[in-house]
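Colleague: Sequence below, structure please.
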Amino acid sequence: MEANKPEFPNDYGVIRIADEVVSTVAGLAAIEVEGVVSLSGGWGTDLVEKLGKKNFGKGIKVEIDNNETAIDIFLIIQFGYTIPQVAETVQREVKVAVETMTGLEVTTVNVHIVSVSMKKNSGEDNNLLIEMEAE
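Modeller: Okay, the predicted model is just below:
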């Protein structure tokens, strides 16, 4: 194990939390925020998810040093929501969830809005989503 990774020793041994666990906790907290359509993990991760494997840590970069962590989240936002409000809510919810579940101190939560999703209301295809990628 790397020297900078957190360890929580107790009477029974040592508890180690993988980066992927922190990513998953952050992803689950972010996706619950109203206005967030999904996390954006890039085309490779999105393709794997379309094939049936859910990845709640996609679109999240976690850096852990000792008992502190910095998190970057890449989101797709629903059109019509105020982006700064949604992003601030995501920051707050992710910080609380990660600190509560892992015991790590979250030093930063950087939110990157990579796309806006719009629902197209035309006839019978009401569930069609159009994503506009930021360049």
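
Colleague: And Asp9, how close does it get to Ser38?
Modeller: Not quite, residue 9 is Pro, not Asp. Noted for Pro9: a distance of 38 Å to Ser38, by C-beta to C-beta, to the nearest Å. (Glycine included, C-beta is placed from N, CA and C.)

Colleague: the more surrounded of those two?
Modeller: Each of Pro9 and Ser38 has its neighbours counted (other C-beta atoms under 10 Å); Ser38 has more, 21 against 8.

Colleague: can you tell me which residue is nearest the centre of this structure?
Modeller: The centroid of the chain falls nearest to Gly27 when counting by C-alpha atoms, centre = their mean (3.2 Å).

Colleague: That one reaches Leu39, doesn't it?
Modeller: Yes: using C-beta atoms under 8 Å, Gly27 makes contact with Leu39 at a distance of 5.6 Å.

Colleague: which element follows the helix-or-strand element of the chain with minimal mean pLDDT toward the C-terminus?
Modeller: The least trusted helix or strand in the chain, going by mean pLDDT, DSSP states H and E, turns out to be helix 42-50, with a mean of 49. Sequence order places strand 60-65 as the next helix or strand after helix 42-50, per DSSP states H and E.
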